[in-house]
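A.B. asks: Give me a model of this one.
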Amino acid sequence: DKSVIAFQGNTLNTAGESITEIYTVAIDQQLIKEDLGAIGTVGQRPQPPKGIKQSRLSYSEKGLSSQRHWLRASPDGAFIYALGRDAQQRNQLVRCEVATGDLHYISDFPFSISSAININYQGTALTFVAENQVFIFCLATSRLQQLTDNSMESLALSGAPVFSPNGKYIAFNQYVAAQGAAYLQVMLIHV
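C.D. replies: Predicted coordinates for the structure are as follows:
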């Protein structure tokens, strides 16, 4: 029984600069069971079980964005989505094809994405925050839709928006003023 996980790891590009790329590792339950020494002892960290190796998936010159975010996979596992910086240093959406490792920019927004991204359960759309707004991006049509109507002076959004399991709503966090203070609240918006 094997599972594959993807993660971000640092490496050096051809110019000797540290960049972040996408790596994968196949988790083989049998290999884990066979290497009891990998568990570690008191005061020692667990070690990768013998025979389990990581592989570099993406090979790009700029790597992923340094903004804190997590990778998101399509439901069929064919693609991994992340953030990458464009020539203007704006965070854009990138897609890595798992079969080939090819990494492509799929957005060219005039703004920088300011949150982590999330994908809906159907694998058809991504959501994120930019310019104090919640957006949804259709993967099939590259259509971008702004879901909120905040000004830059509105109280801030916080964290990453997330889809409901049925894809009909997006939940997000926003500060709300009450009794002279700002309180973080969970908001829902119909997609």
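A.B. asks: Count the residues that sit near the closest residue to Met152 other than its chain neighbours.
C.D. replies: Spatial nearest neighbour of Met152, chain neighbours left out: Asn132 (5.7 Å); criterion: C-beta to C-beta, 6 or more residues apart in numbering. Any C-beta I mention is one placed from the backbone N, CA and C, and that applies to glycine too. Using other C-beta atoms under 10 Å, Asn132 has 16 neighbouring residues.
A.B. asks: ok, now Val4?
C.D. replies: Close neighbours of Val4, defined as other C-beta under 10 Å, add up to 13.
A.B. asks: So it sits against Ile27, correct?
C.D. replies: Yes - between Val4 and Ile27 there is a contact under C-beta atoms under 8 Å: 7.2 Å.
A.B. asks: Now do the contacts for the residue nearest to Met152.
C.D. replies: Asn132 makes contact with 150-152, 154, 156-157, according to C-beta atoms under 8 Å, 6 or more residues apart in numbering.
A.B. asks: Kindly report the same for Arg90.
C.D. replies: 109, 111-113.
A.B. asks: Those residues in strands, which ones?
C.D. replies: If you go by DSSP state E, the contacts of Arg90 have nothing in strands.
A.B. asks: Filter those residues down to the buried ones, PyMOL style.
C.D. replies: Here is the PyMOL command that selects the buried residues among the contacts of Arg90 (16 or more other C-beta atoms under 10 Å):
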select buried, resi 109+112+113
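A.B. asks: With respect to Ile80, which of the contacts of Arg90 is nearest?
C.D. replies: Using C-beta to C-beta, Ile113 comes nearest to Ile80 of the contacts of Arg90, at 16.2 Å.
A.B. asks: Much appreciated, bye for now.
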